[in-house]
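Student: I'd like to go over a predicted model; first the sequence, then the structure.
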Amino acid sequence: MNPAWLLARALTDPASTAGLDAAGWTRLLTVARAEQLIGSLAHRLHGLPLPGRVAAILADARSAAEQGRMAALWEAEMARRALGDLGIPVLLLKGTAYVAAGLSAGQGRSIGDLDLLVPASALADAETALLAAGWEWVKADAYDDAYYRRWMHELPPLIHRERDRMADVHHTILPPTARRTPDAAALIADAVPLGEAPGGLSVLCPEDMVVHATLHLFADGDLAGGLRNLWDIDRLLREFADAPGFWPRLDARAGRHDAIGLVDRAMRQAHALYETPVPERCRTQRPVDRLYRRRLLARDGWGRQTRPVTRLAFYVRSHWLRMPPAMLARHLWTKWRAGRR
């Protein structure tokens, strides 16, 4: 079995790991680390009878995930303190949002940067407040700084000078140059507060969480690490599926954010890989879906990426989706010249 398929199967049906031999466990754990799903796998297998060395590895992974959860929540609190007096909406995104909201998508999840969303009109104030609170610019290059500010959906990356933690401050969830145009104002207007105190943090509404995870996977990258992103979608759909009216609302929000086809694609892939319960229309695979799975499953038993032609094609596709051809050519030329220097 393809090692990445093995990981998807173990996450979906933890009991399926019962027959693994030493080589099988090595493949599973190695691919889980490569896909940043080792913490999620550890959470799913917790309580099952496991070989001693495997149990120790997964116990360490659960401990690391818990430390990551606490660090992410602390960074969110530091951002709240820095931005709370501005009187602007501040939304948590991705992994930090999942753990802050207590969602199953956050259980064992690997969390990297602190991702925030603020209104575009408040971006300058948010930047000033974060710099005053100890965050600094990561990118010193003038071209990169100008490129982010003019063309990207976020400020240049920030890092805290004392805690060494990264923060990405977004004003929307896709670059303005991208072919799809999510409604950033609607994302903020329908956000769900995490508390009642003024100046508190919020998260996206359930339907927008699914749309954002979908756009992050299929419209804002080359599908690297896609199994983790698709696992997020599986967890979110399973958690929200029984809420009255969820599926019609999801369709409506996908339309609002120019993502109907992509959300259906995400549900088809989640159903194929994780047996996610989805509407009937998304249970029948399409020919192009096999190509996406080929990219998602491009790992060998040592966690190394495989299928270089497929990966290159999706890399080119990711840039094609993010900017017009002339702009893409100019950007790549500039970066190539900078690299040569």
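Tutor: Looks like it arrived, so ask away. Just so we're clear, the structure is a prediction, and the values are computed from it rather than from any experiment.
Student: Now Val90. Nearest residue, chain neighbours left out?
Tutor: Closest residue in space to Val90, ignoring its immediate chain neighbours: Leu83 at 5.1 Å, by C-beta to C-beta, 6 or more residues apart in numbering. Just so you know, the C-beta spots here come from the backbone N, C-alpha and C atoms, and that holds for glycine as well.
Student: does Val278 really touch Ala270, like I thought?
Tutor: Yes: the pair Val278 / Ala270 is scored as a contact, 6.7 Å apart, by C-beta atoms under 8 Å.
Student: Neighbour count: the two, which is higher?
Tutor: Ala270 (24 against 21; other C-beta atoms under 10 Å).
Student: Tell me if the more buried one really is in a helix.
Tutor: Yes: assessed by DSSP: H, G, I helix; E, B strand; the rest coil, Ala270 belongs to a helix.
Student: Could you check how far it is from Leu114?
Tutor: Between Ala270 and Leu114 the computed distance is 26 Å (C-beta to C-beta, to the nearest Å).
Student: can you check Arg253 too?
Tutor: Counting by C-beta to C-beta - Arg253 and Leu114 are separated by 24 Å.
Student: try Arg283
Tutor: Arg283 is 36 Å from Leu114, by C-beta to C-beta.
Student: for Asp242, same thing?
Tutor: 31 Å.
Student: one step back: and the helix or strand hosting the residue nearest to Val90, what other elements does it pack with?
Tutor: In this assignment (DSSP states H and E), Leu83 forms part of helix 52-83. Applying 3 or more C-beta pairs under 8 Å, 6 or more residues apart in numbering; DSSP states H and E, one finds that helix 52-83 contacts helix 22-34, helix 38-45, helix 94-100, strand 114-117, helix 123-132.
Student: pLDDT weak spots in this protein?
Tutor: 139-140, 142, 144-148, 151, 196-199, 323-341 (pLDDT under 70).
Student: which ones are touching Ala298?
Tutor: By C-beta atoms under 8 Å, 6 or more residues apart in numbering, the contact list for Ala298 reads 4, 305-307, 310-311.
Student: circling back: which residues touch the residue nearest to Val90?
Tutor: 90, 118, 126, 129-130, 199.
Student: which SS state does Leu230 fall under?
Tutor: Following three-state DSSP, Leu230 is assigned to helix.
Student: okay, now the closest residue to Leu130 other than its chain neighbours: neighbour count?
Tutor: Leaving out its chain neighbours, the residue that sits closest to Leu130 by C-beta to C-beta, 6+ apart is Ala82, at 5.5 Å. When neighbours are defined as other C-beta under 10 Å, Ala82 has 20 of them.
Student: again, but for His153
Tutor: Count around His153 with other C-beta under 10 Å applied: 21.
Student: for Gly255, same thing?
Tutor: 12.
Student: mind listing what's buried in the host helix or strand of it?
Tutor: According to DSSP H and E, Gly255 maps onto helix 246-256. Using 16 or more other C-beta atoms under 10 Å as the test for burial, helix 246-256 gives 246-247, 249-250, 253-254, 256.
Student: which one of the contacts of Ala298 has the most neighbours?
Tutor: Neighbour max across the contacts of Ala298 (other C-beta under 10 Å) = Ala4, 27 neighbours.
Student: just the angle between the helix or strand harbouring that one and helix 22-34, please?
Tutor: Using DSSP H and E, Ala4 maps to helix 3-12. Put simply, helix 3-12 runs at 90 degrees to helix 22-34, going by axes from the mean of the first three to the mean of the last three C-alpha atoms, to 10 degrees.
Student: contacting residues around helix 3-12?
Tutor: Against helix 3-12 from outside (C-beta under 8 Å, 6+ apart): 1, 16-17, 24, 27-28, 30-32, 35, 37, 40-41, 44-45, 227, 231, 273-275, 296-301, 303.
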